[in-house]
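K.L.:
A structural model of the following input is requested.
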Amino acid sequence: MHATLPRELREMIYSYLLSCPEEKATVKKMTTGLDKYLAYFLSGNPTHYKDTWGYDCCPPKRSYPYFVQAAYVGSETQHEILEQVYRNHFNTCDLKMGLYVLDSLATLDYDPGLVPLHSIRELIIRWRVEPGMTQCLRDPEYFDLGDNHTNLTIPTWKQCFQSLLSVKVKNKFVFILRLRDDHLSLKHLGHLLETFRPVYNCLLAAGSRIYLLYLNREVSGAVIRIDLTEYFSKPADVWRADMKRILDPSASSRSFRWDDMGDSEFDAKAAEIDYTADVVED
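P.N.:
Now for the predicted structure:
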């Protein structure tokens, strides 16, 4: 079939097989396995197959319907079918995870040569910054995790944002980052946005739609929504002044805390950071 039919007809056959009622259970099992592997991949260090606490663990096994097995259809046809599976399954991703998920979506190796980020059309990240590793939005590149986390390999923000450039159809790509942080540091937030700026400009030029929102709930129950993309169109001092006014810590109704502090390791290197270095479009 691969040698005699054009790609368009092959795609129609793949769509029929993947939607065939008789194969519904096996296709469901295959995509469930993919989801489980993604969860496993995000849980720790996939290179060494360890979970969040550093213990050895086994990745979920592949489970393919007969018509997706290379022994039955050949490796080229298998790859084409899996491409369609990825396009269908990862068309829209809504994830309650940190920024590190971007790097994982670009390096997941469940099926060789196929990664979710190549197929995603709309990506929503609901990032609730928790105390600890990401407190005050610290970039892992400038934050010492300590001896208890030596087994963890955490990508830097530059690596995470750079991953977005591997999206294949940029003119149809939508990226939404919803940030929630009860202890907001403008210094680290500014660093986050400045790190994203080169990739933001590349994606915008290619026709992508980007939405960056800071959310926080007041004691009254009202939700503060701030459009962080304004950072890229305002002078830094004006943006900071606006943010300080909006997030006035003296307002008794506000439930969050914020500061303008960094930390010693970050502050020592902040003036030397080259935000445009090594940003290469895929």
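
K.L.:
show me where the stretch 51-200 of the chain has its helices.
P.N.:
Here the stretch 51-200 of the chain has its helices, by DSSP state H, counting those that start in this stretch, at 70-73, 75-89, 101-107, 157-163, 186-205.

K.L.:
which one of these lies nearest to Arg245?
P.N.:
Closest to Arg245 of those is helix 186-205 (Cβ to Cβ; 11.8 Å). No exception for glycine: its C-beta is placed from N, CA and C like everyone else's.

K.L.:
in that closest one, what counts as buried?
P.N.:
Across helix 186-205, burial judged by 16 or more other Cβ atoms under 10 Å covers 186-196, 198-200, 202-203.

K.L.:
from these, pick the one nearest Met97.
P.N.:
The closest of those, once distances to Met97 are taken by Cβ to Cβ, is Leu192, at 15.7 Å.

K.L.:
so what's the residue count around the nearest residue to Pro140 once chain neighbours are set aside?
P.N.:
Excluding the flanking residues, the one nearest Pro140 by Cβ to Cβ, 6 or more residues apart in numbering is Ile154, at 4.3 Å. As a burial measure, Ile154 scores 18 neighbours (other Cβ atoms under 10 Å).

K.L.:
what's the answer for Ser119, then?
P.N.:
For Ser119, using other Cβ under 10 Å, the count is 21.

K.L.:
give me phi/psi at it?
P.N.:
Here is the backbone geometry of Ser119 (degrees, to the nearest 10): phi -110, psi -10.

K.L.:
is it in contact with Asn91, as I believe?
P.N.:
Yes: between Ser119 and Asn91 there is a contact at 7.0 Å, judged by Cβ atoms under 8 Å.

K.L.:
ok, back up a step: of the buried residues of helix 186-205, which is the nearest to Glu230?
P.N.:
Ranked by distance to Glu230 (Cβ to Cβ), the buried residues of helix 186-205 are led by Leu193 at 9.8 Å.

K.L.:
ok, the closest residue to that closest one other than its chain neighbours - contacts?
P.N.:
Spatial nearest neighbour of Leu193, excluding adjacent residues (Cβ to Cβ, 6+ apart): Tyr231 at 4.6 Å. Going by Cβ atoms under 8 Å, 6 or more residues apart in numbering, Tyr231 touches Gly190, Leu193, Trp239.

K.L.:
tell me if I'm right that Leu99 and Trp127 touch.
P.N.:
Yes: with contact defined as Cβ under 8 Å, Leu99 reaches Trp127; the gap is 6.2 Å.

K.L.:
looking at the two, which is more packed in?
P.N.:
Each of Leu99 and Trp127 has its neighbours counted (other Cβ under 10 Å); Leu99 has more, 25 against 20.
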